[in-house]
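J.: just need the structure, nothing else, for what follows:
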Amino acid sequence: MTKIRKSQVEAVRKAVDALTRAYKIAERPGSCVSSKLNPSDMHALLYIMRNPGCIASDVACYLGVVPTTASTILDRLSKRGLVSRSRTEENRRIVKLAATAEGEKTAAALLAEQEGQCEEMLSRLDPCERDAFVALIGKVADLKL
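T.: Now for the predicted structure:
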């Protein structure tokens, strides 16, 4: 492997910083979810929507937070009517999570905003650059695209 140049590291850091600031949905004026959710809440809601029946420890692991932090996030989502909690008959100590109808609506709006932002980013590239960018960002993020 060839040596990574400091200038490359700095260029990537600056680009990631710029992208992070430019595409923060939670702080974007006019965002339909901006007044409802902070970034941790958004990630948790999207995870729960994709994984109905998951439990709090699954959410904590996904977010990379301690269980008490996940519990606080889930409390907020539950109070807002976005997530429901239910106990199983087999083991009453296990609390399963699911997005409510309002949670699914909010998550769908969030995904639509994110997809719009991704389209905006990709529109600046020609088709070959788009394919390369998608492949490379997936590789860096270790996504299985």
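J.: which of the residues in the longest helix anywhere in the chain are buried?
T.: Across the chain, the longest stretch assigned as helix under DSSP state H is helix 101-122. Going by neighbour count (16 or more other C-beta atoms under 10 Å), the buried part of helix 101-122 is Gly103, Glu104, Thr106, Ala107, Leu110, Glu113, Gln117. Every C-beta, even on glycine, is put in place using the N, C-alpha and C of the backbone.
J.: which one is the residue minimising distance to the centre of the chain nearest to, not counting chain neighbours?
T.: The centroid of the chain falls nearest to His43 when counting by C-alpha atoms, centre = their mean (3.6 Å). Among residues not flanking His43 along the chain, Leu63 sits closest, at 5.9 Å (C-beta to C-beta, 6 or more residues apart in numbering).
J.: cool, and Val59?
T.: Val59 sits nearest to Ala70 (C-beta to C-beta, 6+ apart), 4.8 Å away.
J.: who's in contact with that neighbour?
T.: Ala44, Ala56, Ser57, Val59, Ala60, Leu63 (C-beta atoms under 8 Å, 6 or more residues apart in numbering).
J.: and Ser78, how far is that from Leu122?
T.: 36 Å (C-beta to C-beta, to the nearest Å).
J.: whoops, Val83 was the one
T.: In terms of C-beta to C-beta, Val83 sits 31 Å off from Leu122.
J.: I appreciate the help and will end here.
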